[in-house]
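Participant: for reference, the sequence and a predicted model appear below.
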Amino acid sequence: MKFPRLTDTTLRDGSHAVSHRFTPEQIRIVVHKLDEAGIPVIEVSHGAGLHGSTIQQGFSAYPEFELLAEALNTVKQAKIASLFVPGIGTSIELKQAAEMGIDVIRIAVHCTEADISQQHFELAKQLGLEAVGFLMMAHTQPPSVLVKQAKLMESYGADCVYVVDSAGSMLPSDAEERVQALKDALSIEVGFHAHNNLGLAIGNTIAAMKAGADQIDGTLRGLGAGAGNAPTEVLVAVLKKMGFDTGLNLSILMDLAEDVIAPMLPYPIVIDRDNLSSGYAGVYNSFLLHVRHAAEKFGVNASDIVEELGKRQAIAGQEDWILDVAVKLAERK
Ligand SMILES: CC[C@H](O)CC(=O)C(=O)O
Ligand SMILES: [Mn+2]
């Protein structure tokens with residue numbers, strides 16, 4: 001089994017879990033410690049990517065480029081990545097982030113919509129960035145569909161394409177067969193991004209590695225949308241136990257998770273009823289904060305909203321359905 005490159009996305013996917021309230025000081029401490037621990041790639045942006053700070057996605061407490069500047073000024077060795085979702089971000093923010101000095105852009109689209117990413121991959125490559133594709137909600141499609149979409153990204157210049165388990169809905173066999181199919185069909189690297197709604201984030205990441213994943217993701221303390229991601233410090237401990245010479249400092253990561261990240265959390269990252277039903281129904285994890293707000297506002301059950309979104313097969317970008325469903329459920333009451 002190959003030792004994959006680890007991207008820590010605490011300061012991006014984890015931003016969902018703190019309602020996008022990271023401060024420049026928190027960014028500085030976390031980047032400094034992740035860098036010191038030897039993490040090769042650190043992702044920083046709003047949870048929904050560049051320009052994600054909107055009424056639809058939730059406003060950030062601090063301007064995104066102030067946070068990105070803090071990360072870039074702090075880092076010594078790691079690459080800094082940002083997420084970009086076409087339609088949420090535009091080429092303006094992509095150019096600005098590149099000019100500021102990010103190294104990697106991760107371009108995320110629903111897993112049947114790769115064609116909308118062409119101009120952004122091409123721009124990213126012109127700007128000299130490493131360009132990584134994210135096929136979100138990859139549990140919804142069979143490997144053959146993902147291969148076609150990943151090949152499109154490859155043809156646009158992607159350096160890597162990720163199978164993204166956005167709903168934390170995959171079993172290890174799902175992760176393994178999807179990564180394997182991409183590995184067999186592509187000449188570029190393949191990655192895997194896990195969520196923990198079924199308690200399988202670490203197991204699925206190991207299954208993806210068995211299939212040859214070149215890149216994997218984690219977040220400190222599992223901080224992330226829904227039930228969170230594969231916890232970076234646990235992943236590193238497991239990789240060490242598997243015999244990999246990781247070159248990563250586990251004790252710095254454990255201290256960072258325990259002493260810095262845990263006290264920041266407004267609520268513990270656990271598999272509760274809402275995010276378990278989300279993973280079970282295969283609903284996009286980034287909806288969950290909005291679902292909880294809507295449930296409270298309209299006096300309905302969050303898991304009923306999740307169930308209905310699952311029936312409608314809602315995808316990223318359809319956040320407005322959350323309100324629609326909540327209002328309809330409240331009317332029915
Ligand atoms: C908004 C992009 C998205 O949340 C990417 C991601 O981390 C996922 O789909 O899991
Ligand atoms: Mn995610």
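Facilitator: It's in. Ligands and ions are numbered 1, 2, ... in the order given.
Participant: who in the stretch 151-300 of the chain is up against ligand 1?
Facilitator: Proximity of the stretch 151-300 of the chain to ligand 1 is confined to 164, 166, 193, 195, 225, 286 under the rule Cβ under 6 Å from any ligand atom. C-beta: built from backbone N, CA, C; applies to glycine.
Participant: narrow the residues you listed to those in strands?
Facilitator: Of these, the ones assigned to strands by DSSP state E are 164, 193.
Participant: ligand 1: which of the residues of the stretch 151-300 of the chain next to ligand 1 is nearest?
Facilitator: When these are compared for distance to ligand 1 (Cβ to the nearest ligand atom), residue 166 wins out at 3.2 Å.
Participant: next, the closest residue to residue 129 other than its chain neighbours: phi, psi?
Facilitator: With sequence-adjacent residues excluded and distances taken as Cβ to Cβ, 6 or more residues apart in numbering, residue 129 is closest to residue 105, at 4.8 Å. Dihedral pair for residue 105: phi -120, psi 130, per degrees, to the nearest 10.
Participant: what's the burial count for residue 105?
Facilitator: 26 (other Cβ atoms under 10 Å).
Participant: per-residue pLDDT of the residue nearest to residue 116 when sequence neighbours are not counted, please?
Facilitator: Excluding its sequence neighbours, the residue lying closest to residue 116 (Cβ to Cβ, 6+ apart) is residue 86, at 5.1 Å. Note for residue 86: predicted pLDDT of 97.
Participant: quote the end-to-end distance of stretch 180-197.
Facilitator: Length of stretch 180-197, first residue to last, Cα to Cα, to the nearest Å: 23 Å.
Participant: and the helix or strand residue 294 falls within, what does it pack against?
Facilitator: Using DSSP states H and E, residue 294 sits in helix 288-298. Applying 3 or more Cβ pairs under 8 Å, 6 or more residues apart in numbering; DSSP states H and E, we find helix 288-298 packed against helix 273-281, helix 302-312, helix 320-332.
Participant: sorry, back to before: quick check: the farthest pair among the residues of the stretch 151-300 of the chain next to ligand 1?
Facilitator: Distance extremes for these: the farthest pair is 193 and 286 at 12.5 Å, using Cβ to Cβ.
Participant: any common contacting residues for the two?
Facilitator: The contact sets of residue 193 and residue 286 overlap at residue 166 (Cβ atoms under 8 Å, 6 or more residues apart in numbering).
Participant: these two: which is more packed in?
Facilitator: Comparing residue 193 with residue 286 by other Cβ under 10 Å, the one with more neighbours is residue 193, at 30 against 24.
Participant: what is the burial count for residue 297?
Facilitator: Applying other Cβ under 10 Å, I find that residue 297 has 12 neighbouring residues.
Participant: in stretch 313-321, what's buried?
Facilitator: Neighbour counts over stretch 313-321 (16 or more other Cβ atoms under 10 Å) mark 314-317, 319, 321 as buried.
Participant: between those, which is nearest residue 1?
Facilitator: Among those, residue 316 lies closest to residue 1 (Cβ to Cβ), at 31.1 Å.
Participant: tell me how far the closest one lies from ligand 1.
Facilitator: Note on residue 316: its distance to ligand 1, by Cβ to the nearest ligand atom, to the nearest Å, is 6 Å.
Participant: can you check residue 200 too?
Facilitator: For residue 200, the distance to ligand 1 (Cβ to the nearest ligand atom) stands at 14 Å.
Participant: list the contacts for that residue?
Facilitator: 168, 170-172, 194.
Participant: just the CA atoms of stretch 81-95, as CSV, please.
Facilitator: Output in CSV follows, covering the C-alpha atoms of stretch 81-95 (Å, rounded to 0.1, in the frame of the first residue of the first chain):
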residue,chain,number,x,y,z
ALA,A,81,-4.8,25.0,-0.6
SER,A,82,-8.2,26.6,-1.0
LEU,A,83,-11.5,25.1,-2.1
PHE,A,84,-13.4,26.5,-5.1
VAL,A,85,-17.0,25.7,-6.0
PRO,A,86,-17.9,27.0,-9.5
GLY,A,87,-20.9,29.2,-9.1
ILE,A,88,-20.2,30.1,-5.5
GLY,A,89,-16.7,31.3,-6.3
THR,A,90,-15.8,33.1,-9.6
SER,A,91,-12.6,33.5,-11.5
ILE,A,92,-12.0,36.8,-9.6
GLU,A,93,-11.5,35.1,-6.3
LEU,A,94,-9.5,32.3,-7.9
LYS,A,95,-7.1,34.8,-9.4
